[in-house]
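A.B. asks: Sharing a model that was predicted from the sequence below.
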Amino acid sequence: MATSNSRWWALAALSLSTIAIGLDSTVLSVALPTLAGDLRATTGDLQWFTTSYLLVLAAALLPAGMLGDRFGRKRMLLGALVLFGAASAACSYATTSGQLVAARAVLGLGAAVIMPLSSAVLTVIFDPEERGRALTVWVTANTLGIPLGPLVGGYLLDHFWWGSVFLINVPLVIAGVVAVALWVPESHGDRKRRFDPLGVLLSAGGLVAVTYGVIEAGERDWTDARAVLTAVAGVVLLVIFGWWQRRAQAPLVDLALFRSRAFTWGALLATVASFAMFGLLFALPLFFQEIGGNDAFGTGLRLLPVIGGLMVGARIGGKLENRLGAKAVVTAGLLLISGGLLLGTATGPDSGYGFVAIWITLAGIGLGLTMPPAMNAALGALSRERSGVGSGLIQAMRQVGSAIGVAVLGTVLNSAYRDGVDGSALPDTARDSVSAGVAVARRLGDPGLLDVVRSAFTDGMALTMLVAAVVAVCGAVLSMIFLPGRPARAGDAPDVPRTPLSPPAAAESTV
């Protein structure tokens with residue numbers, strides 16, 4: 001176990017690394033119009049700037065966790081940070097759409113290693129009593145980059161060239177490399193464990209197909225045959241992956257982990273929270289920019305109550321978890337998320353920011369109450385030698401949940417918007433997005449048409465918030481029924497039976 005001061009400095013290093021990933025996940029959105037002009041990117045190119053990153057991220061999460069267990073988590077983290085920084089620089093100086101797509105794919109590979117291994121290291125260096133506080137800091141840092149993306153990106157685009165929105169990652173990465181090198185101790189899992197190439201191929205293929213299919217369904221429609229078939233094929237591959245993991249001599253994922261209620265339901269409920277959070281963060285920027293008329297920087301400022309609420313909720317949740325247990329705190333958090341989202345359904349075109357700030361703050365507090373205890377429950381069920389691959393599995397579930405949240409809730413929003421503008425004078429070319437609708441209505445100088453567009457969007461956003469609220473309520477019910485009241489002790493995974501596929505804890509670690 002690391003010394004008291006060094007492990008908190010290690011947490012700071014890991015948090016700094018995850019801020020760069022969170023920042024990158026949203027900073028691209030404000031740069032897309034500029035990229036379309038400067039790189040002469042088509043709509044398909046713009047989609048691939050995002051999709052290439054997400055697909056590689058989804059494919060590499062599970063193998064990254066296993067490789068960190070085998071070859072050393074600190075070593076892999078340092079390599080991934082260097083790769084992430086180099087890919088960020090390559091994005092900044094790309095001169096064609098193809099170059100940017102390729103650089104974004106490499107960026108996704110670096111993020112896929114950083115995400116699971118940073119949480120895996122927390123399992124090793126913090127004992128159960130402190131892990132909740134550490135996870136609160138880590139989750140907050142993970143989320144902090146999301147509203148900072150539009151803030152930082154909007155400022156940089158106003159003052160510099162578009163490549164600066166990627167180049168901003170480089171100083172963060174340099175600081176992260178120095179901090180990890182100085183303060184993060186090396187740790188390993190089962191170093192003698194053999195590689196599972198078929199498991200890697202099946203998991204990567206399944207996660208890529210599911211993520212791609214869901215993204216395409218969100219862009220096109222859930223009636224699009226190619227999107228649905230791709231997603232179904234991904235599910236089939238994941239089912240085959242599960243079958244293979246039961247028979248492989250050295251499986252990529254120890255399925256015995258799912259015998260632990262703490263791991264299974266902690267991971268699933270963290271995924272539910274991710275679904276709600278990314279659905280919220282998908283609709284709000286459009287509302288602030290297209291309905292409220294704010295620029296990217298102003299949009300980022302208006303998203304800060306989500307982070308403020310998350311920090312308050314996480315601080316309160318850490319204290320309550322010690323007294324009441326994870327079940328009570330996670331259930332309350334999901335109910336508060338649902339309450340905030342239900343209040344958000346009353347948001348209309350003329351709603352003031354004060355009202356919006358109230359309900360997004362409530363939702364943020366709910367996220368803070370939900371995410372750290374849920375992840376602590378899941379991570380607490382992992383023995384140290386499996387913390388890398390187990391964390392990779394948790395992050396893969398959250399990643400797919402986030403992609404599904406954006407696609408499902410985006411489809412709900414777009415469908416409701418199209419229904420709302422049907423019968424209006426809006427041209428067909430402007431019915432696919434509120435951005436196009438607002439632009440056309442303003443160009444035509446038609447206040448009545450602009451009101452129709454704004455009302456159609458807020459009606460769609462209300463339906464989106466309602467769907468997300470229902471999902472959060474379902475999560476609260478599942479939490480009450482299945483989630484254990486107290487997190488598992490580190491390293492023993494008490495309700496995970498030891499099997500030949502789940503060796504006794506014998507982590508080789510220098511911590």
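C.D. replies: Happy to help now that I have it.
A.B. asks: Not counting sequence-adjacent ones, nearest residue to residue 211?
C.D. replies: Leaving aside its chain neighbours, residue 211 sits nearest to residue 58 (4.4 Å; criterion: C-beta to C-beta, 6 or more residues apart in numbering). Backbone N, C-alpha and C define where each C-beta goes, glycine included.
A.B. asks: likewise residue 100?
C.D. replies: In this structure, residue 100 finds its nearest non-sequential neighbour in residue 94, 4.0 Å apart by C-beta to C-beta, 6+ apart.
A.B. asks: who's in contact with the one you found?
C.D. replies: Counting by C-beta atoms under 8 Å, 6 or more residues apart in numbering, residue 94 touches 39, 100, 103, 163.
A.B. asks: residues near residue 377, how many?
C.D. replies: Residues lying near residue 377 (other C-beta atoms under 10 Å) number 33.
A.B. asks: which residues does it contact?
C.D. replies: Contact analysis of residue 377 by C-beta under 8 Å, 6+ apart lists 262, 263, 265, 266, 326, 330, 483, 484, 487, 488.
A.B. asks: Kindly recompute the last result at 10 Å.
C.D. replies: Contacts for residue 377 (C-beta atoms under 10 Å, 6 or more residues apart in numbering) come out as 132, 260-267, 269-270, 321, 325-327, 329-330, 479, 483-488.
A.B. asks: Of the residues you listed, just the buried ones, PyMOL syntax please.
C.D. replies: To isolate the buried members of the contacts of residue 377 in PyMOL, using 16 or more other C-beta atoms under 10 Å:
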select buried, resi 132+260+261+262+263+264+265+266+267+269+270+321+325+326+327+329+330+479+483+484+487+488
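A.B. asks: The contacts of residue 377 in helices, which ones?
C.D. replies: Members of the contacts of residue 377 lying in helices (criterion: DSSP state H): 132, 261-267, 269-270, 321, 326-327, 329-330, 479.
A.B. asks: thinking again about what came up before, assign the residue nearest to residue 100 to helix, strand or coil.
C.D. replies: coil (DSSP: H, G, I helix; E, B strand; the rest coil).
A.B. asks: Tell me, domain by domain, which residues of this structure belong where.
C.D. replies: The chain breaks down into these domains under automatic domain parsing: 1-193, 196-249, 254-496.
A.B. asks: now these as a markdown table including mean pLDDT?
C.D. replies: Formatted as a markdown table, the domains of the chain follow (pLDDT from 0 to 100):
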| stretch | mean pLDDT |
| --- | --- |
| domain 1-193 | 79 |
| domain 196-249 | 84 |
| domain 254-496 | 81 |
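A.B. asks: neighbour-wise, which of the contacts of residue 94 leads?
C.D. replies: Among those, the one with the most neighbours (other C-beta under 10 Å) is residue 100, at 25 neighbours.
A.B. asks: show me what contacts that residue?
C.D. replies: For residue 100, the contacting residues are 28, 35, 39, 41, 45, 48-49, 52, 90-94, 163, 166, by C-beta under 10 Å, 6+ apart.
A.B. asks: mind redoing it with 8 Å?
C.D. replies: Residues in contact with residue 100 (C-beta under 8 Å, 6+ apart) are 35, 39, 49, 91, 94.
A.B. asks: any idea which element it lies in?
C.D. replies: helix 97-125 (DSSP states H and E).
A.B. asks: Name the residues of that helix that are buried.
C.D. replies: Going by neighbour count (16+ other C-beta under 10 Å), the buried part of helix 97-125 is 97, 100-125.
A.B. asks: List the contacts of the closest residue to residue 35 other than its chain neighbours.
C.D. replies: For residue 35, ignoring the flanking residues on the chain, the nearest one in space by C-beta to C-beta, 6+ apart is residue 41 at 5.4 Å. Going by C-beta under 8 Å, 6+ apart, residue 41 touches 35, 49, 97.
A.B. asks: Surely residue 41 is in a strand?
C.D. replies: No - using three-state DSSP, the assignment for residue 41 is coil, not a strand.
A.B. asks: So which bits of stretch 249-261 are buried?
C.D. replies: 251, 252, 253, 254, 256, 257, 259, 260, 261.
A.B. asks: Distance check, the fifth one against residue 63.
C.D. replies: In this view, residue 256 and residue 63 are 20 Å apart by C-beta to C-beta, to the nearest Å.
A.B. asks: same check, this time on residue 119
C.D. replies: Distance of residue 119 to residue 63, given as C-beta to C-beta: 16 Å.
A.B. asks: that older thread, which one of the contacts of residue 94 is nearest residue 214?
C.D. replies: Residue 214 lies nearest to residue 100 out of the contacts of residue 94, by C-beta to C-beta, at 22.8 Å.
A.B. asks: Next one: the closest one from residue 38, what distance?
C.D. replies: Using C-beta to C-beta, one obtains 10 Å as the distance from residue 100 to residue 38.
A.B. asks: and the angle for the helix or strand containing residue 77 with helix 97-125?
C.D. replies: Using DSSP H and E, residue 77 sits in helix 73-92. With axes from the mean of the first three to the mean of the last three C-alpha atoms, to 10 degrees as the basis, helix 73-92 and helix 97-125 are set at 160 degrees to each other.
A.B. asks: Helix 73-92 packs against which elements?
C.D. replies: Secondary-structure packing of helix 73-92 (3 or more C-beta pairs under 8 Å, 6 or more residues apart in numbering; DSSP states H and E): helix 4-38, helix 43-71, helix 97-125, helix 164-167, helix 169-183.
A.B. asks: okay, those in JSON lines with distance to residue 139 next?
C.D. replies: What follows is the helices and strands packed on helix 73-92, written out as JSON lines (distance: least, C-beta to C-beta, whole Å):
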{"stretch": "helix 4-38", "distance to residue 139": "9"}
{"stretch": "helix 43-71", "distance to residue 139": "17"}
{"stretch": "helix 97-125", "distance to residue 139": "9"}
{"stretch": "helix 164-167", "distance to residue 139": "24"}
{"stretch": "helix 169-183", "distance to residue 139": "17"}
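A.B. asks: Ok, which of these comes nearest residue 346?
C.D. replies: Minimum separation from residue 346 across these (C-beta to C-beta) falls at helix 4-38, 26.0 Å.
A.B. asks: Identify the residues contacting the closest residue to residue 271 other than its chain neighbours.
C.D. replies: Nearest residue to residue 271 in three dimensions, chain neighbours excluded: residue 401, at 3.6 Å (C-beta to C-beta, 6+ apart). Listed by C-beta under 8 Å, 6+ apart, the contact partners of residue 401 are 271, 272, 274, 275.
A.B. asks: Closest to residue 303 out of the residues you listed?
C.D. replies: residue 274 (16.4 Å).
A.B. asks: Helix, strand or coil: sort out the closest one for me.
C.D. replies: Look at residue 274: counting by three-state DSSP, its state is helix.
A.B. asks: That one and residue 405 touch, don't they?
C.D. replies: Yes - shown here, residue 274 and residue 405 form a contact pair, counting by C-beta atoms under 8 Å, at 6.7 Å.
A.B. asks: Looking at the two, which is more packed in?
C.D. replies: residue 405 (27 against 24).
A.B. asks: Leaving out chain neighbours, which residue sits closest to the more buried one?
C.D. replies: Excluding the flanking residues, the one nearest residue 405 by C-beta to C-beta, 6+ apart is residue 275, at 3.7 Å.
A.B. asks: Near residue 481, how many other residues are there?
C.D. replies: Other residues within reach of residue 481 by the criterion other C-beta under 10 Å amount to 10.
A.B. asks: Alright, that wraps it up for me.
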